[in-house]
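Trainee: my questions concern the predicted model and sequence given below.
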Amino acid sequence: MSIKKFAILFSGSGSNLEAILQKVHGKTFANTKLECVLTVCNKKDAFGIQRARKFGLETVIIDNKNFTNREEFDAVLVSEIKKYDVDLVVLAGFMRILTPVFTQEIGAINLHPSILPLFKGAHAIEESFNSDMQVGGVSVHWVSAELDGGKIIAQRTFERSKNMSFEAWEDKIHAIEHELLPETVINLLTK
Ligand code: GAR
């Protein structure tokens, strides 16, 4: 049996972090044990810190407010990740624009709440809901220096139901995210 190690980076509620920890962390798939060895957050009060603790993981806080530019923050993030010899880094609601200081050094995937390349950026759920699109969805992609622009790995869509409310749209996106991201982590680390 082999062991593959991964890290999770997040900024807020951490519901996707929890979904991965529940479905993937410490579990064995195709004779490969998958272990989350590092959780990192850029906000010291994020709720995800408590969620990670339930799984025995103490989150490393790297507060972006302590840095004068993105490159300095990214350099500290990279050096922290490199201490752990991970096979994959997972961005699960990590709300930072990353520079080449990070993207040239770290193989990372990102979760995005739209059918990329549509609705890039921080307001994808609202913008997709307010559009004429009759389908919504979720993407997982490799992280590149272009915001939400790296190669797409996995996508899942749903149909807009008649008179669908914003809350229902958002709930559907989160429900899909909680399935798609753990599945993608398993697929990437066991192939
Ligand atoms: C998720 O909806 C994720 O797709 C989004 O942040 C949310 C985090 O939720 N990410 C982006 O918009 C990235 N551009 P969570 O903290 O409950 O996992």
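Mentor: Received the coordinates, thanks.
Trainee: and the residue of the protein closest to the ligand?
Mentor: The nearest approach of the chain to the ligand comes at Gly93, 2.6 Å away (Cβ to the nearest ligand atom). The C-beta positions use only the backbone N, C-alpha and C, and glycine is treated the same way.
Trainee: so which residues on the protein come close to the ligand?
Mentor: By Cβ under 6 Å from any ligand atom, the residues of the chain that approach the ligand are 10, 12-17, 48, 92-93, 111-113, 122, 124, 177.
Trainee: picking up where we left off before, looking at this, the residue of the chain closest to the ligand is in a strand?
Mentor: No. The assignment for Gly93, made by DSSP: H, G, I helix; E, B strand; the rest coil, is coil rather than a strand.
Trainee: who are the contact partners of the residue lying closest to it once chain neighbours are set aside?
Mentor: Counting by Cβ to Cβ, 6 or more residues apart in numbering, Gly93 lies nearest to Phe10, which is 5.0 Å off, once chain neighbours are set aside. Counting by Cβ atoms under 8 Å, 6 or more residues apart in numbering, Phe10 touches 16-17, 39-41, 46, 48, 91-94.
Trainee: of these, closest to Gly56?
Mentor: Closest approach to Gly56 among the contacts of Phe10 (Cβ to Cβ): Thr39, at 10.6 Å.
Trainee: wait, that closest one sits on Leu17?
Mentor: Yes. With contact defined as Cβ atoms under 8 Å, Thr39 counts as touching Leu17 (6.8 Å).
Trainee: which neighbours do these two share?
Mentor: Counting by Cβ under 8 Å, 6+ apart, the residues touching both Thr39 and Leu17 are 8, 10, 48, 52.
Trainee: among those, name the ones in helices.
Mentor: Judged by DSSP state H, these include 48, 52 as members of helices.
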